[in-house]
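Q: What shape does this take:
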Amino acid sequence: MKSRAPLRDLVAAAGVLNSCAAWAAKSSTSIFSSSSTPAREVQDLSYFVLAISAGIFLGVSGLLVYALIRYRARGGEATEPPQVFGSTQIELAWTIIPVLIIVTLFLGTARVLFSVQDARKPPTAVEVTVVGHQFWWEFHYPQYKVVAANEMHVPVSSAASPRPTFMKLTSADVIHSFWVPQLAGKTDLLPNRVNEMWIDPQITGLYVGQCAQFCGVQHAKMLLRVYVDTPEQFQQWIAQQQKVQSETGGPQSAAATRNLGAAQEITARDGKLVFEQQACINCHAVAGTVSNGRFGPDLTHLMSRETLAAGAMPNTPENLKAWIEDPNTFKPGTLMPAMHLSDQQNAQITAYLLTLK
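A: Next up is the predicted model:
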C-alpha cells in the first residue's frame, strides 16, 4: 500500500493542476482566454516561449541525469576518473544553441510587436480616446461626440464584418495602465503623451480589467469594464448617450418623485437646484445644463452605468446616496470630497441623479 502513495499523490496533483488550468481558461482576467486578435497574438507568443523554455529545462535536466548516472562512482573505485579539459564540440554547442534560441525568441517577439503595433485601421473602425484620472477612466468617442466614464462600450468585430476599436491613451495626472487581459496587453497612459492600442473583440459580453500601474492609494479600485455589443446594441447605446438632459432635471424629471428617507417629499427638480448651487458643477458635467466641470466623471447618463466609483460598488440608489454623503467611506483617498450637506440636500441630489439615464 505504501508504494502506491506517491502515485496517488501525483494523480491528485495532476487533478489540481488541471482544475487550475480550467479555472484560468474561464477566468475573466486570464490571459489564456483571449477574445481579441492582439490578446490572441500575445497568448500564442506566451505558449511559444513556454514550449522553448520547457525544451531547455528538459534538455538540461536530461543531460544532468545522464551525467549523474553515467559517471557516478562505482563500488571499489577510489580514484578520480580522467578529466577532460577543452572540447571544441561542446564549446560550439553551448555557444551556437543559445544564440539560435535567442534569435528565435527575438524574431517571434518582433513579429508579434509589428503585427499588433502596425495594424491597419479600416474605415469602419471605432475611435476612442481614453483618459486616466485618479482614480477613474474617461472615454471620448469623437466620431459620435459622446463622453462616458468607467464603462466602455465597443461593437463586436468579425472576419466578415471587421470593426475594430482603436484607442488613444493619455493621462490627466500620473501614470496609469489600461489592461483588459482578454482583449489586449496592457498599455501605459502617460501625462503629455499619447499612446495607442487597438482591440477587435469577437465575442459579445462583459470584459473586466483595471489599472495595471500603481497610481496612488486607490489604484486597486481603479477598475474598468468593457462591454462588447452587437452592432444594433452599440448603435442604441450611442443614440442613448447622445441624448441631452432637459433643463427641468433630466428625462421625465418632472414626474420623477422619490422618497429616500427624508421627512418631506423629495423631487428631482429640487435636487437639480441643489446640485447646481453646490461645488458639484465645478467638477462634473451634465450635457444640456450649466454643469460643465471636467475634473470628475461626466454624469449625463450616470444611471445607464452598472457601477459607481470605477467599479467599486453597484450603481443603486442606496449606494449613490451613501457615495454622495461620504465618498471616502468607499474609496479612501478619492479626490471627491464629502460636501457635508444635510440629509435633505443629499436626498435631493440623489433624486436628481437618478433621472440621468
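Q: Extract the CA atoms of stretch 89-109 and return them as CSV.
A: Included here for stretch 89-109 are C-alpha records, laid out as CSV according to Å, rounded to 0.1, in the frame of the first residue of the first chain:
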residue,chain,number,x,y,z
GLN,A,89,32.4,20.4,-30.0
ILE,A,90,30.9,21.1,-26.5
GLU,A,91,32.0,24.8,-26.6
LEU,A,92,30.5,25.2,-30.1
ALA,A,93,27.3,23.6,-28.8
TRP,A,94,26.8,25.8,-25.8
THR,A,95,27.5,28.9,-27.9
ILE,A,96,25.6,28.2,-31.1
ILE,A,97,22.4,26.6,-29.5
PRO,A,98,21.8,29.6,-27.1
VAL,A,99,22.4,32.1,-29.9
LEU,A,100,19.8,30.2,-32.1
ILE,A,101,17.3,30.2,-29.2
ILE,A,102,17.7,33.9,-28.6
VAL,A,103,17.4,34.7,-32.3
THR,A,104,14.2,32.6,-32.5
LEU,A,105,12.7,34.3,-29.5
PHE,A,106,13.7,37.7,-30.8
LEU,A,107,12.1,37.0,-34.2
GLY,A,108,8.9,35.6,-32.7
THR,A,109,8.5,38.6,-30.4
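Q: Report the contact partners of residue 208.
A: With contact taken as CB atoms under 8 Å, 6 or more residues apart in numbering, residue 208 is in contact with 28, 29, 180, 223, 224, 225, 226, 311. Placement of C-beta: from N, CA and C, glycine included.
Q: Settle this for me: the second one is touching residue 209, isn't it.
A: Yes - under the criterion of CB atoms under 8 Å, residue 29 lies in contact with residue 209, with a separation of 7.3 Å.
Q: Looking at the two, which is more packed in?
A: residue 209 (23 against 14; other CB atoms under 10 Å).
Q: Next up, the contacts around that one.
A: 29, 178, 179, 180, 181, 183, 223, 224, 225, 226.
Q: For residue 156, see how far away the fifth one is.
A: The one in question is residue 181. 18 Å (CB to CB, to the nearest Å).
Q: When the two are compared, which one has more neighbours?
A: The neighbour count for residue 181 versus residue 156, taken as other CB under 10 Å, is higher for residue 181 (24 against 19).
Q: That one: helix or strand, and which one exactly?
A: Counting by DSSP states H and E, residue 181 is held by no secondary-structure element, helix or strand.
Q: Helix or strand for residue 214, just tell me which one.
A: Under the assignment given by DSSP H and E, residue 214 is not contained in any helix or strand.
Q: okay, which residue is most central for the protein?
A: By CA atoms, centre = their mean, the mean C-alpha position of the chain lies nearest to residue 209, the distance being 2.2 Å.
Q: Can I take it that it is in a strand?
A: Yes - note on residue 209: a strand contains this position according to DSSP: H, G, I helix; E, B strand; the rest coil.
Q: would you turn the contacts of residue 209 into TSV with secondary structure and pLDDT?
A: As requested, the contacts of residue 209 are arranged in TSV below (DSSP: H, G, I helix; E, B strand; the rest coil; pLDDT from 0 to 100):
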residue	secondary structure	pLDDT
29	coil	73
178	strand	96
179	strand	94
180	coil	94
181	coil	92
183	coil	94
223	strand	92
224	strand	91
225	strand	94
226	strand	95
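Q: Tell me the one of the residues you listed nearest residue 330?
A: Using CB to CB, residue 223 comes nearest to residue 330 of these, at 12.7 Å.
Q: ok, the closest one to residue 309 distance?
A: Taken as CB to CB, the spacing of residue 223 relative to residue 309 amounts to 9 Å.
Q: How about residue 236?
A: Using CB to CB, one obtains 26 Å as the distance from residue 236 to residue 309.
Q: ok, now residue 46?
A: Taking CB to CB as the measure, residue 46 and residue 309 are separated by 33 Å.
Q: More neighbours: which of these two?
A: With neighbours defined as other CB under 10 Å, residue 46 and residue 309 compare such that residue 309 has more, 22 against 13.
Q: contacting residues for that one?
A: Taking CB under 8 Å, 6+ apart, we find residue 309 in contact with 136, 221, 323, 327, 330, 331, 334.
Q: go on, residue 301?
A: 148, 240, 241, 243, 356, 357.
Q: and residue 320, what element?
A: Secondary-structure assignment from DSSP H and E places residue 320 in helix 317-325.
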